[in-house]
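Pasting the sequence and the predicted coordinates here, then a few questions.
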Amino acid sequence: DVKVTQSSRYLVKRTGEKVFLECVQDMDHENMFWYRQDPGLGLRLIYFSYDVKMKEKGDIPEGYSVSREKKERFSLILESASTNQTSMYLCASSPSTGGGEAFFGQGTRLTVV
Amino acid sequence: RKEVEQDPGPFNVPEGATVAFNCTYSNSASQSFFWYRQDCRKEPKLLMSVYSSGNEDGRFTAQLNRASQYISLLIRDSKLSDSATYLCVVTLDSWGKLQFGAGTQVVVTP
């Protein structure tokens, strides 16, 4: 069974903290993605990576950075958490051929207080 | 303007009825098209790909109109279990970077 695993389901952090969200996939996929999902706005792409150490900004990269040192792991970093980063964060992976099915993790509900 | 736009609904559908809804996309160079389904408090999952000639998967039919830049989803003989949010998804490049619509909520009632 294919798996994308996010390190936490729920997280509460204080304003100004550095936050790490981890995502691991076991499908040997080249592509990995970080989205945030907010009511009425749908899923918005933060960053994606198409290979180890390769990354591209998505639509809303401000305040975030990413790291992909190994193929199976894609980390999202909030450099200094702010209340407007309270959201549901979803990690996904897909094979490199365009149009491949994306598989999502279960999501991390982050609350910044 | 959003890359992918959907009517948020909700579409309230009696069990057994047919429901259809569209999604428009702004980039004419869009390459691949999908419908994903998201249940409440769950992650999105692929429902079906959308092919140029249109395609069917059981009670679900998807159509693509490149000239008018929209895709559609039709659900026949709706079941209570079809209640969900349906996400329109478009890829804009060969890397498979996915752009999501905000979703259309469907509520099937007994």
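Yep, that arrived.

Any idea which helix or strand in chain B has the lowest mean pLDDT?
strand B:98-100 (a mean of 88; mean pLDDT, DSSP states H and E).

wait, does that one make contact with chain A?
Yes: Strand B:98-100 lies within reach of chain A by C-beta under 8 Å from any C-beta of the partner chain, at B:Leu98, B:Gln99, B:Phe100. All C-beta spots, glycine's among them, are computed from the backbone N, C-alpha and C.

Likewise for stretch B:22-29?
No: remark: stretch B:22-29 sits outside contact range of chain A, by C-beta under 8 Å from any C-beta, the gap being at least 11.1 Å.

which outside residues touch that stretch?
For stretch B:22-29, contacts defined as C-beta atoms under 8 Å, 6 or more residues apart in numbering or on different chains pick out B:1-7, B:33, B:66, B:68-73, B:88, B:90, B:92, B:99, B:101, B:104.

and what of stretch B:58-77?
B:13, B:16, B:18-26, B:28, B:30, B:33, B:35, B:47-52, B:54-56, B:78-79, B:82, B:86, B:88, B:106.

now for the longest strand belonging to chain A, which elements pack on it?
Taking DSSP state E as the assignment, the strand of chain A that covers the most residues is strand A:42-51. Helices and strands touching strand A:42-51, by 3 or more C-beta pairs under 8 Å, 6 or more residues apart in numbering or on different chains; DSSP states H and E, are strand A:31-38, strand A:54-57, strand A:64-70, strand A:73-78, strand B:98-100.

got those strands as JSON lines, with distance to A:Tyr47 columns?
As requested, the helices and strands packed on strand A:42-51 are exported to JSON lines (distance: least, C-beta to C-beta, whole Å):
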{"stretch": "strand A:31-38", "distance to A:Tyr47": "5"}
{"stretch": "strand A:54-57", "distance to A:Tyr47": "6"}
{"stretch": "strand A:64-70", "distance to A:Tyr47": "4"}
{"stretch": "strand A:73-78", "distance to A:Tyr47": "7"}
{"stretch": "strand B:98-100", "distance to A:Tyr47": "13"}
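
thinking again about what came up before, packing partners for the least confident helix or strand of chain B?
strand A:42-51, strand B:84-91.

Quick one: distance of that strand to the chain centre.
12 Å (C-alpha atoms, centre = their mean, to the nearest Å).

Who does it pair with, and is each partner parallel or antiparallel?
In the sheet, strand B:98-100 lines up against strand B:84-91 (antiparallel) (DSSP bridges).

between the partner strand and strand A:42-51, how many degrees?
In terms of direction (axes from the mean of the first three to the mean of the last three C-alpha atoms, to 10 degrees), strand B:84-91 departs from strand A:42-51 by 40 degrees.

contacting residues around the least confident helix or strand of chain B?
So strand B:98-100 is contacted by A:33, A:35, A:42-45, A:92, A:94, A:102, B:3-4, B:25, B:34, B:36, B:44, B:87-92 (C-beta under 8 Å, 6+ apart).
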